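J.: Build me a structure from this.
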Amino acid sequence: MVESVSVAKHPARADAENRPPLLEVRHLAMHFPVKSGLLLRETAALKAVEGVSFSIGEGETLGLVGESGCGKSTLGKCIARLYKPTSGQILFSGTDIASLNGNVLKSFRRNVQMIFQDPAESLNARLTIGDILEEPFAIHGIGTHRERRRMAEELLLQVGLGTSAMDRFPFEFSGGQRQRVGIARALALKPRLIVCDEPVSALDVSVQSQIVNLLLDLQKRFALSYLFVAHDLAVVKHISDRVAIMYLGKIVETAPTAELFAHPLHAYTRALLAAIPVPDPRKKGMHRTLHGEVPSPINPPAGCAFAPRSPLPHTPAQAVVPPVWKEISPGHWLEVHPATTENWRDYLSGDERCAFRDR
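T.: All right, here's what the predicted structure looks like:
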């Protein structure tokens, strides 16, 4: 269930469309080998991310939303280069970082950092908070031991923790405080882009709002860009400039936040929005049930991956025709298909409509 959370309104930002994007992802794919048999030979591939393209501008937040297992976290780890993509391009300030290795990759990591979902698992329990925050400086050869300690103390103050935390261990803090430490670590090398991998999903609702407000404040102070991975649409609505909806390794709809919430077009997007609880017992929900389970990423359906669960009328022959990626209105992109879009004919050219009409 998606919880409602009260957070500060998103600050106004310059129009990123007038400048080259900070990050541009082109046809990115990430496949994991599936091995079986006595000799553990590769027999199949798990297609966690398949043909994803999007961009993020300077100072912009892109919210990435989808069910568990749709590939959101894998996509974020590819952008942070914790995974080396199977194919595609990741252009950061015009440089393709998808194939970087060695010292060049190490240098790139100063520009892109990551906040992980579970702060208890992402912080080394054997190190003090001071050691954890000094580690990025040590790895990149920044400053002396005394200077590193001073910079670590400054990071704690920036995220709302006192310097007394320096000599304490992660288990001595609450979940929200540990996540603040994780945010401080991500800020250490002054990155330009931070991948936020569900940074509030493991926290209480009241703590969620504090962390989201902290992220907004830090973004405004340091001109940060965010890829905000989440499944909580209430949080995404407040923190994001644009939202991308992901299903089975692919982005199926993306639009400016206000446009997406006001005029969702993809059936999957509508189902996610309808699942948001209404905090009024007098109002009946508009929940749209999706039938069946999410298909296996090892053997995804041919054509439209959403067709097996779609509540919209379509024929089996139409289901195997690939969707058409179209810009419906400025900045609003959609996978158009009879199984995904109610008025699909209105968005397609004559030749494109014929591909479905003849079946």
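J.: What is the subsequent helix or strand relative to the lengthiest helix in the chain?
T.: The longest helix of the chain (DSSP state H) is helix 205-222. Remark: after helix 205-222, the chain's next helix or strand is strand 225-230, criterion DSSP states H and E.
J.: So for that next one, mean pLDDT?
T.: Confidence for strand 225-230, expressed as mean pLDDT, is 96.
J.: Just the CA trace of stretch 257-270, in CSV.
T.: C-alpha atoms of stretch 257-270 as CSV (Å, rounded to 0.1, in the frame of the first residue of the first chain):
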residue,chain,number,x,y,z
THR,A,257,4.8,15.3,-13.1
ALA,A,258,1.7,17.4,-13.1
GLU,A,259,0.8,16.1,-16.6
LEU,A,260,1.3,12.5,-15.7
PHE,A,261,-0.9,12.7,-12.6
ALA,A,262,-3.6,14.7,-14.3
HIS,A,263,-3.7,12.8,-17.6
PRO,A,264,-2.2,9.3,-17.3
LEU,A,265,-2.6,7.4,-20.6
HIS,A,266,-1.0,4.0,-20.1
ALA,A,267,-3.3,1.4,-18.5
TYR,A,268,-0.4,0.4,-16.1
THR,A,269,0.1,4.1,-15.1
ARG,A,270,-3.6,4.4,-14.4
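J.: Can you give me the buried ones in it?
T.: Thr257, Glu259, Leu260, Phe261, Pro264, Leu265, His266, Ala267, Tyr268, Thr269, Arg270 (16 or more other C-beta atoms under 10 Å). All C-beta atoms are positioned from the backbone trio N, CA, C, and that covers glycine.
J.: And stretch 192-211, by the same measure?
T.: Buried residues in stretch 192-211 (16+ other C-beta under 10 Å): 192-203, 207-211.
J.: can you check stretch 172-183 too?
T.: Within stretch 172-183, the residues that count as buried by 16+ other C-beta under 10 Å are Phe173, Gly175, Gly176, Gln177, Arg178, Gln179, Arg180, Val181, Gly182, Ile183.
J.: who's in contact with the first one?
T.: Residues near Phe173 by C-beta atoms under 8 Å, 6 or more residues apart in numbering: Ile129, Ala165, Val181.
J.: pLDDT weak spots in the protein?
T.: For the chain, applying pLDDT under 70 flags the ranges 1-19, 280, 282-289, 358-359.
J.: how about the helices in it?
T.: So, for the chain - with DSSP H - the helices run 72-79, 102-108, 119-122, 129-139, 145-158, 175-187, 205-222, 233-239, 257-262, 267-274, 316-319, 350-357.
J.: I'd like those as JSON lines, with distance to Ser329 appended.
T.: Converted to JSON lines, these look like this (distance: least, C-beta to C-beta, whole Å):
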{"stretch": "helix 72-79", "distance to Ser329": "25"}
{"stretch": "helix 102-108", "distance to Ser329": "35"}
{"stretch": "helix 119-122", "distance to Ser329": "39"}
{"stretch": "helix 129-139", "distance to Ser329": "42"}
{"stretch": "helix 145-158", "distance to Ser329": "39"}
{"stretch": "helix 175-187", "distance to Ser329": "34"}
{"stretch": "helix 205-222", "distance to Ser329": "27"}
{"stretch": "helix 233-239", "distance to Ser329": "19"}
{"stretch": "helix 257-262", "distance to Ser329": "7"}
{"stretch": "helix 267-274", "distance to Ser329": "15"}
{"stretch": "helix 316-319", "distance to Ser329": "25"}
{"stretch": "helix 350-357", "distance to Ser329": "17"}
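J.: farthest pair in the buried residues of stretch 257-270?
T.: The span of these, defined through C-beta to C-beta, is set by Thr257 and Ala267 at 19.5 Å.
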